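Asker: Just the structure for this:
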Amino acid sequence: MAHWADPSKRTPGEINTHDGGRGVYWEDPDGHLLEIITQPYGPDVENSGG
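Answerer: Numbering: from 1, shown residues only. Below is the predicted model:
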């Protein structure tokens, strides 16, 4: 399955490791770009209430 480490699709076949987690982007059959991440992004996610 084609996948990218970024939503701009500049890093094919890779995953990202932002904020200590992992993330990947891929297209669904209709061409919508989907994302899955294992750690919320951002410097203050621990205090965000989510």
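Asker: Bridge partners for the residue nearest the centre of the chain, pull those for me.
Answerer: In the chain, the centroid-proximal residue (CA atoms, centre = their mean) is residue 23; its distance is 3.4 Å. Listed by DSSP bridges, the beta-bridge partners for residue 23 are residue 16, residue 37.
Asker: mind listing what it touches?
Answerer: 5, 15, 16, 17, 35, 36, 37, 38, 41 (CB atoms under 8 Å, 6 or more residues apart in numbering). The way it works is simple: take the backbone N, C-alpha and C, and place the C-beta from them, glycine included.
Asker: For these, which PyMOL command selects only the ones that are buried?
Answerer: Selection of buried members from the contacts of residue 23 for PyMOL, criterion 16 or more other CB atoms under 10 Å:
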select buried, resi 5+15+16
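Asker: With pLDDT added, can I get the contacts of residue 23 in CSV?
Answerer: Below are those laid out as CSV (pLDDT from 0 to 100):
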residue, pLDDT
5, 98
15, 97
16, 96
17, 95
35, 97
36, 97
37, 95
38, 95
41, 81
